[in-house]
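Participant: Make a model of this:
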Amino acid sequence: MRTHIILFLVTLIAPFSIIAQETDNSDFGIKAGGFIKSDFFYDSRQTVSAREGHFLLWPARPSWDEENKDINEASSFNFLSIQTRLNATISAPDAFGVKTSGHVEGAFFGNTNTDINGFRLRHAYVKFEWKNSELLFGQFWNPLFVTSSFPDVVSFNTGCPFQAFSRNPQIRLTQTLGDVKIVTAALSQRDFANVGPEGASSAYLRNSAMPDFHMQVHYTHSDREAGTQFIIGGGSAYKRILPELITEQGYKTDAHVGGITYMGFAKARLRRLTVKAQYILGQNVNDLLMIGGYGISDVTDPVRGIVEYAPLRTSSYWLDLHSNGQAIQLGVFLGLSENLGATGNLVEDTGITGLGTDIKSLYRIAPRIVFNSGKARFAFECEYTGANFGSVNISENRRGIPVNIEEVNNLRFLLGVYLFL
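Facilitator: As a prediction, this is how the structure comes out:
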């Protein structure tokens, strides 16, 4: 049934796309786009990932059998085409006296591991544009994923977990003042949500009755004659979640976890080389597929089970460089992430909730080479990821930073084959 729906949508969009191309002065049109992509990859070790290993986060920590052999020290491979995408950009007549447009994009990535190959919504938004202002309503990239400066890696993880990765329903206002752009946004959560007592769910943010707020400032300087462009920017975000409405003892609670995230980025596009970098210092950022979470900082009412929380802090850096050749591009991605522990001391004999909270630090080195010809692309990438795992013992480290560290590594060889529509 899903296949029939997709074919119907494609059939419906195609005539409008043709009409829009034939009528230059039309106020309405639909332009179809997307790409077909197949990934062929090999891992030297079992990994923590999504969709049959396709979306790689980090190598799996050791798991010992009865003979003290590491079960996860086993290689694997896979061939997948689930990153294939379809999109439609809609141009529409002016509404409310302003320029109006929209965009819809989906992929065959599925919503869960059991739904792999299922058609999944990626982006769906409407934009209203004035001369110096833009108002967006709908699902789009989280503002911490800067669309003008992100890693050009071959892997679908796009530099995650060093790069913030999330798409959120949102209201976003962008104000342009010459070379300066100010971005403000209020977000909810859908496919990418915080981890809590019941696992990953958007309910924790929804029950806080407060959106995820963002503000950023970007500065761009372009020199057309020199063929160069420089972008620099930064910003902050505040998010609050409510992990539970009722305690284990059966009493109502409104204890929440607040978290502030700071970000800075830079991009330099020269004639032959492009350099990009970003730094994130975040609190409780596991909804961005980064290591992080929260713990219990105080038990204010032991009888009712009322507690206070402290978020874990995560520091993350990445650097991406690539040549600007049309036919052949060389590039490398470097990433480093570290668990800095909670913002305050945690209560002994309690646990930590989140993603990758048993990891003290992560790093990645990923060189690549890309061959382009017409609408086709062949891309090779070697991705080496190291994870320093430990045990969370709050008696030993009151901030919840893992102790007794052991490094584990994974080497991924990846071939991506594209055909752009």
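Participant: Now do the strands in the stretch 201-350 of the chain.
Facilitator: Using DSSP state E, counting those that start in this stretch, the strands of the stretch 201-350 of the chain run over 212-223, 228-241, 257-269, 273-283, 292-301, 306-323, 328-342.
Participant: Of these, which is nearest Ser148?
Facilitator: Distance to Ser148, taken as C-beta to C-beta, is lowest for strand 228-241 among the strands of the stretch 201-350 of the chain, at 5.8 Å. In this view, the C-beta of every residue, glycine as well, is placed from N, C-alpha and C.
Participant: ranges for the helices of the chain?
Facilitator: Counting by DSSP state H, residue ranges of the helices within the chain are 2-22, 203-206.
Participant: Least reliable of the ones you listed by average pLDDT, please.
Facilitator: Note on the helices of the chain: helix 2-22 shows the lowest mean pLDDT, a mean of 45.
Participant: can you pull the contacts of the most centrally placed residue in the chain?
Facilitator: For the chain, the residue whose C-alpha lies nearest the mean C-alpha position (C-alpha atoms, centre = their mean) is Phe165; its distance is 0.6 Å. Going by C-beta atoms under 8 Å, 6 or more residues apart in numbering, Phe165 touches 142, 145, 157-159, 192, 288-289.
Participant: now these as a markdown table including pLDDT, distance to Ser133 and neighbour count?
Facilitator: Converted to a markdown table, the contacts of Phe165 look like this (pLDDT from 0 to 100; distance: C-beta to C-beta, whole Å; neighbours: other C-beta atoms under 10 Å):
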| residue | pLDDT | distance to Ser133 | neighbour count |
| --- | --- | --- | --- |
| Asn142 | 98 | 21 | 21 |
| Phe145 | 98 | 22 | 21 |
| Asn157 | 96 | 33 | 24 |
| Thr158 | 97 | 28 | 18 |
| Gly159 | 97 | 30 | 25 |
| Phe192 | 96 | 27 | 17 |
| Leu288 | 98 | 27 | 28 |
| Leu289 | 97 | 31 | 21 |
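Participant: The strands of the stretch 201-350 of the chain: which one's closest to Ile182?
Facilitator: For Ile182, the closest of the strands of the stretch 201-350 of the chain is strand 212-223, at 5.6 Å, according to C-beta to C-beta.
Participant: Now that closest one: average pLDDT?
Facilitator: Strand 212-223 comes out at a mean pLDDT of 97.
Participant: Likewise for stretch 104-124?
Facilitator: For stretch 104-124, the mean per-residue pLDDT is 92.
Participant: Now that stretch: buried residues?
Facilitator: Using 16 or more other C-beta atoms under 10 Å as the test for burial, stretch 104-124 gives 104-110, 116, 119-120, 122-124.
Participant: returning to that earlier point: which pLDDT value belongs to the residue nearest to the centre of the chain?
Facilitator: 97.
Participant: now Gln278
Facilitator: 98.
Participant: distance of it from Thr350?
Facilitator: 33 Å (C-beta to C-beta, to the nearest Å).
Participant: and those two? which has more neighbours close in?
Facilitator: Applying other C-beta atoms under 10 Å to Gln278 and Thr350 shows that Gln278 carries more neighbours, namely 27 against 15.
Participant: residues contacting that one?
Facilitator: Per C-beta under 8 Å, 6+ apart, neighbours of Gln278: 146, 149, 163, 263-266, 317-318.
Participant: just the buried members of the residues you listed?
Facilitator: Judged by 16+ other C-beta under 10 Å, buried ones among the contacts of Gln278: 146, 149, 163, 263, 265-266, 317-318.
Participant: tally of neighbours for the closest residue to Gln329 other than its chain neighbours?
Facilitator: Nearest residue to Gln329 in three dimensions, chain neighbours excluded: Val370, at 4.3 Å (C-beta to C-beta, 6 or more residues apart in numbering). Neighbours of Val370 under the rule other C-beta under 10 Å: 21.
Participant: which residues does Val370 bridge with?
Facilitator: As for beta bridges, Val370 partners with Gln329, Ala379 under DSSP bridges.
Participant: what sits against it?
Facilitator: 154, 328-331, 377-380.
Participant: Just the closest of these to Glu244, please.
Facilitator: Proximity of the contacts of Val370 to Glu244 (C-beta to C-beta) peaks at Val154, which lies at 40.6 Å.
Participant: Which residue is the nearest non-sequential neighbour of that closest one?
Facilitator: Glu381 (3.9 Å).
Participant: quick one: that neighbour from Pro143, how far?
Facilitator: Relative to Pro143, and taking C-beta to C-beta, Glu381 is found at 27 Å.
Participant: okay, the residue of the chain most remote from its centre: pLDDT?
Facilitator: Residue farthest from the centre of the chain, counting by C-alpha atoms, centre = their mean, is Val303 at 39.9 Å. pLDDT recorded at Val303 is 96.
Participant: returning to that earlier point: correct me, but the residue nearest to Val154 touches Val332?
Facilitator: No. Look at Glu381 against Val332 with C-beta atoms under 8 Å: they stay out of range, at 9.7 Å.
Participant: where do the contact lists of those two overlap?
Facilitator: Common contact partners of Glu381 and Val332 (C-beta under 8 Å, 6+ apart): 366-368.
Participant: Out of those residues, which is nearest to Pro93?
Facilitator: Arg368 (43.0 Å).
Participant: How about the contacts made by that closest one?
Facilitator: Arg368 touches 153-154, 322, 330-333, 379-382, counting by C-beta under 8 Å, 6+ apart.
Participant: Please pick the buried ones from these.
Facilitator: 153-154, 322, 331, 333, 379, 381.
Participant: Of the residues you listed, which is the nearest to Asn410?
Facilitator: Comparing the buried ones among the contacts of Arg368 against Asn410 with C-beta to C-beta places Glu381 closest, at 13.4 Å.
Participant: Sounds good, over and out.
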